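S.K.: Below: sequence and its predicted model.
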Amino acid sequence: MAPATAGPAPSGRFTRTTTPPAPALAPPVVIPQALEIWAPDPPTWSQRLIPRGVRSAMADLGLWQEPRPLKPSYHLVQVIEVLTRYGWCQSFDFSPTGRMCIRGAQTFLESTGHVTAIDRGKAVNYLQTQLGRQGVTMRFWEWNDLSSNTFRGVEATISAASDLARRNGD
């Protein structure tokens, strides 16, 4: 795209040109069907008692529908939604009242089939990279437990990590 001229061209030889601003990074236009339930319900006791192999056989017969695992960028957005729905906490993966820390939300989503272990690891790497950009050298679950953290700060960091993953195609 050629630079646009700002204002009418002066009568002299020199023209003033400007370049249009870069477009802001926007969330994806098409959201996968798996994200229709951003913060899934916890599995029922009967679902917890069914072994994974039996659930897979039931899914093959159409009697069960396993959730589709998400890419790291969507997984990080879903972590925010889980923390918003169930509550965010510090010092516990799962608090006695049902709140979760970042690692607890990731464990919950992995245990319910919403992310694979590999994609969860990629999401953790993006989160660690984002923390590194902020000058934090500790692991994300240690950072989560700092007394100076608020949910707004945690949410902003996870969102920035999700944007980084999306820019990298994950």
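M.R.: Cool, got the structure.
S.K.: Thr106: which element?
M.R.: You called it Thr, but residue 106 is Gln. According to DSSP states H and E, Gln106 maps onto helix 102-111.
S.K.: Contacts only, for Asp145.
M.R.: Residues in contact with Asp145, defined by CB atoms under 8 Å, 6 or more residues apart in numbering, are Gln90, Ser91, Cys101. In this view, the C-beta of every residue, glycine as well, is placed from N, C-alpha and C.
S.K.: among those, who's most crowded?
M.R.: Highest neighbour count within these, by other CB atoms under 10 Å: Cys101, with 22 neighbours.
S.K.: With Arg152 as the reference, measure out to that one.
M.R.: Cys101 sits at a distance of 15 Å from Arg152 (criterion: CB to CB, to the nearest Å).
S.K.: Kindly report the same for Ala105.
M.R.: Using CB to CB, one gets 16 Å for the distance from Ala105 to Arg152.
S.K.: And for Val82?
M.R.: Distance, Val82 to Arg152, by CB to CB: 16 Å.
S.K.: Least confident secondary structure element in this structure?
M.R.: Taking mean pLDDT, DSSP states H and E as the measure, the chain has strand 4-5 as its least confident helix or strand, at a mean of 48.
S.K.: Between Val82 and Arg152, tell me which one has more neighbours.
M.R.: Taking other CB under 10 Å, Val82 and Arg152 do not tie; Val82 has more neighbours (23 against 8).
S.K.: now that one, nearest residue through space, not along the chain?
M.R.: Computed as CB to CB, 6 or more residues apart in numbering, the closest residue to Val82 that is not its neighbour in sequence is Ala105, at 4.3 Å.
S.K.: Tell me where the chain has helices.
M.R.: Under the criterion DSSP state H, the chain contains helices at 45-49, 52-60, 72-86, 102-111, 117-133, 140-144, 151-167.
S.K.: out of the ones you listed, deepest packed?
M.R.: Ranked by mean neighbour count under mean count of other CB atoms under 10 Å, those are led by helix 72-86, which reaches a mean of 23.
S.K.: Cool, thanks, signing off.
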